[in-house]
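> Make a model of this:
(one chain, ligands or ions: 1)
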Amino acid sequence: MNDTNTRFKVLLVYPNFMMVNLLPTNIGILTAVLRREGHEVDLFDTTFYRTAEKSIDEVRVDNLQLRKFNLGAVGIQYKNKPVVEAFLEKIRNFKPDLIGMTCVEDTWPQAKMLLAALPAGSRPRVLLGGIFPTFSPERALAEDFVDYICLGEGEEALVDTCVALKKGDEPRNIQNIWTKENGKIARQPMRPPLPLDEIPFGDFSLFEKERFFRPMQGKIYKMLPVETDRGCPYSCNFCNAPAIRELYKSSDSKYFRRRSLNNIREQILYYQKNYGLEYSYFNAETFLAISPKEFMAFSEMYSEFSHPFWCQTRVETIDLEKLKTLEKLNCNRISIGIEHGNEDFRTKIIGKTFKNTQLFDAFRNISQTSIPITVNNIIGFPDETRSLAFDTIEINRQISADSINAFYFVPYKGTRFYDMCLEKGYIAADTQTKSLAEGSCLDMPGFSSDEIKGLVRTFSLYVRFPKSKWPLVKRAESFDKEGNEIFLRLSEEFREKYFNA
Ligand code: B12
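From the prediction side, this is the model:
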């Protein structure tokens, strides 16, 4: 494409899990930077296409982790067309010069399915970005239908790639962008992370209006992700955050960084004005990883707004004063990752170092406020046993959380647990992860994937029901006829008692 007067066209693609209706910050920001540079941008988003039998939230409803919901009430419906047909139609109509696709490890199969359908000889160039190519660059570039990948942050790298391609050049020697030359990978160094205040707010105007709705506490809100910071200072072994910090360690500026309060305020005002924001989803991995002084300043800033918000944080960042302040600020829900109930296992193996006493203190304080809490747990960690998993059940019985999740452990490439699983033979180097709700992909001698599956589905029953019912719950772990029938019966009783209250 050599004509400098013609606008360069980029099709951004979001190969999302079906019906995961929170808007992705990355597509919003990349749309904004491309448009700022005068490029033409369009979007293909798979969220409302039928790409699975059940959505992740439907699976969570089955597993008694979520109340039943009806997205149809806000006009959210499945699209009739098969997703690949719709994708090819978009390509034919928009005629992009570049496809810019974002991808996490679990969505790679779906990304591949779309890209593999492109006509081999006459397809647009493809640049893949996001966590998946960042940590599996060779695997991504091994596919013929991927031309370039972006490691780490893409705001500047994507724009530089468009400039090169628009001139008719290959995007060589662009920091963060890896290309293929004569079958070999040309690797480039990382550029330093940009100060967040220099990054524009998300442009979500390419998303359909139904993509803004999310049910929370029985109400439907227009929700947008509000970016406060990027990265996380903690080092859990199941998370990619430590490896992202490592990727940027040669850089003078640190990866974990914040937007200024004024910038966050402007962002909220911008989303209110442009999209009618009614609910802020704070896009921070550990929202309260800030000093008491910074928290005070945040609360002063946010008191200008009255709409509800969601955030996630860690047990050790919580105290009663902060909770009372969050309650006053209309905090609508906090998610907290306990992950595991055994303090020793949690500290030594998982790398999440809070004490059980800190957890109980936090929940004592939480019980003095009206803020509902979602607790996240994980089952099937490497070298976990059934008996250790029951420590997680036990600890959840001792706290009072409004909603309890039990997710499957997933060994994402780039995490310390990935290396450990590979070393111990629990996974193969190319094991494709599924999702946090789809089952264990580990092959461990002491804790089978079927046993893990049974515990995930009965987790809420074990946590909420009296122990006298446990023998029946144990029978409901099995996926045979009798086990399924007992599970359905207990589920009805559970919903009646705990979800209708
Ligand atoms: C907010 C969040 C969500 C949101 C939004 C998801 C999204 N895709 O943005 C919701 C709640 C929907 C979500 C869902 C899931 N998430 Co999530 N999520 C996060 C979190 C906490 C922050 C992501 C974020 O917004 N960062 C800020 C933006 C600006 O950064 P970014 O997305 O990385 O994008 C930058 C670069 O990657 C790059 N880039 C990205 N795409 C592209 C595309 C092109 C063309 C280019 C050039 C560059 C580029 O440029 C962007 C700007 O700098 C991360 C933690 C983390 N450290 O990333 C986990 C994380 C991404 N999530 C994770 C997981 C597992 C999931 C789920 C699979 C969970 C599930 N339900 O089973 C789903 C997958 C949904 C999906 N389709 O992506 C994992 C992914 C692990 C992995 N290795 O694949 C992470 C890394 C957390 C972890 N465990 O370490 N998530």
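> Tell me if the helix or strand where Thr458 lies is near the ligand.
In this assignment (DSSP states H and E), Thr458 forms part of helix 449-464. No - Helix 449-464 stays clear of the ligand (C-beta under 6 Å from any ligand atom), getting no nearer than 12.9 Å. To be clear about C-beta, it is placed using only N, CA and C from the backbone, and glycine gets the same treatment.
> Could you pull out the buried residues of that helix?
451-463 (16 or more other C-beta atoms under 10 Å).
> Buried ones in the following helix or strand past that helix, by neighbour count?
Per DSSP H and E, the first helix or strand lying C-terminal to helix 449-464 is helix 470-476. Of the residues in helix 470-476, Val473, Lys474, Arg475, Ala476 count as buried by neighbour count, 16+ other C-beta under 10 Å.
> Same check on stretch 24-38?
Buried residues in stretch 24-38, counted by 16+ other C-beta under 10 Å: Pro24, Thr25, Asn26, Ile27, Gly28, Ile29, Leu30, Thr31, Ala32, Val33, Leu34, Arg35.
> Next, count neighbours for Glu53.
A count of neighbours around Glu53, defined by other C-beta atoms under 10 Å, yields 8.
> Is it in a helix, a strand, or coil?
coil (DSSP: H, G, I helix; E, B strand; the rest coil).
> Could you check how far it is from Asn70?
Per C-beta to C-beta, to the nearest Å, Glu53 is found 19 Å from Asn70.
> same check, this time on Asn332
20 Å.
> about what we covered before: got a list of contacts for the helix holding Thr458?
62-65, 377, 379-380, 386, 389-390, 393, 396-397, 404, 406-408, 439-443, 469-470, 473-474, 476-479, 483, 487, 490-491, 494, 497-498 (C-beta atoms under 8 Å, 6 or more residues apart in numbering).
> May I see the PyMOL selection of the buried members of the residues you listed?
In PyMOL, this line selects whichever of those come out buried by 16+ other C-beta under 10 Å:
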select buried, resi 63+64+65+377+379+380+389+393+396+404+406+407+408+439+440+441+442+473+474+476+477+478+483+487+490+491+494+498
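> among the contacts of helix 449-464, which are in strands?
Asn377, Ile379, Ile404, Ala406, Phe407, Tyr408 (DSSP state E).
> so the last one makes contact with Phe381?
No - using C-beta atoms under 8 Å as the test, Tyr408 is too far from Phe381 to be in contact (9.9 Å).
> Tell me the one of the buried residues of helix 449-464 nearest the ligand?
In terms of C-beta to the nearest ligand atom, no member of the buried residues of helix 449-464 lies closer to the ligand than Val456, at 12.9 Å.
> from the middle of its chain, how far away would stretch 24-35 be?
17 Å (C-alpha atoms, centre = their mean, to the nearest Å).
> pLDDT averaged over that stretch, what's the number?
Taken as a whole, stretch 24-35 has a mean pLDDT of 98.
> outside of that stretch, which residues touch it?
With C-beta under 8 Å, 6+ apart, stretch 24-35 has contacts from 10, 12, 14, 16, 41, 43, 45, 100, 102, 129-130, 154-156, 158-159, 162, 199-207, 225, 227, 283.
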